[in-house]
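In: Okay, predicted coordinates and the sequence, questions at the end:
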Amino acid sequence: MSKFADIQIDPAIVKRAARGDARAHGIIYRAFATPVYSVCLRFTKVPAHAEDLVQETFIEVMRSISKFRGEAAIGSWIRRIAISKALMFLRSAWTARSQSLGDDWNEVTPGDAASHGISRHPDEALDLDAALANLPSVARAVVWLHDVEGYTHKEIAGLMGRTESFSKSQLSRAYQRLRPMLTVPDEDARAESAALRSV
């Protein structure tokens, strides 16, 4: 999970930001710029695009902060704006020209990554990042939203302007592509097991 929830901002700072205080805006930006960049980079894979999305996110945050009611943590609110901006980028006409969002796969396999044989051990996080980087942007976004951010297929469908079936099929196909990259082949597993027994 992203680090948004760990960041605490004094409610007085949020109130000052809502009144247009530039210093309060700066405090909020410095507190959340890194996790916003991290989320945006996961969606785009291109640092320059992620940097642009960070700027767009904070323009929206400062424009809308007077409407922030405090019903959820400010980090959750900012994370949602960042995800929305990243998804808008993926749906943009420029991006749509380079890849199809309309790939409607019919194979739907319910369940999360663990049930598809994909390991969730922390020591394999780097392998997971590398594997996710090999997915198309839309599939990577669905995996991230579902498995990391905890969105439901209905919520993902709403965010992406698609159907729940589209979200499920993207997730299923992504798992199919990730599985060979993240599982240890049987021969390697047997060799590792034998090596451990001989120690």
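Out: Okay, I see it.
In: domain assignment for the protein?
Out: Here the domain parsing of the chain from automatic domain parsing is 3-98, 113-197.
In: Now that we have the ones you listed, can you turn them into a markdown table and tack on mean pLDDT and mean neighbour count?
Out: All C-beta atoms are positioned from the backbone trio N, CA, C, and that covers glycine. A markdown table is the format used below for the domains of the chain (pLDDT from 0 to 100; neighbours: other C-beta atoms under 10 Å):
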| stretch | mean pLDDT | mean neighbour count |
| --- | --- | --- |
| domain 3-98 | 88 | 16 |
| domain 113-197 | 71 | 16 |
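In: At the geometric centre of this protein, which residue do we find?
Out: What sits nearest the mean C-alpha location of the chain, by C-alpha atoms, centre = their mean, is W144, with 4.0 Å.
In: which SS state does it fall under?
Out: Put simply, W144 is helix when judged by DSSP: H, G, I helix; E, B strand; the rest coil.
In: need the next SSE after the longest helix seen in the chain, C-terminal direction.
Out: Using DSSP state H, we find that the single longest helix of the chain is helix 22-44. Downstream of helix 22-44, the first helix or strand assigned by DSSP states H and E is helix 47-64.
In: re the thing from before, quick check: the residue nearest to the centre of the chain vs M62, distance?
Out: Separation of W144 from M62 (C-beta to C-beta, to the nearest Å): 25 Å.
In: ok, now R23?
Out: 12 Å.
In: And for V36?
Out: In terms of C-beta to C-beta, V36 sits 13 Å off from M62.
In: Pull the distance from stretch 29-47 to the chain's centre.
Out: Distance of stretch 29-47 from the chain centroid (C-alpha atoms, centre = their mean, to the nearest Å) equals 10 Å.
In: How about stretch 165-177?
Out: The chain centroid and the centroid of stretch 165-177 are separated by 15 Å under C-alpha atoms, centre = their mean.
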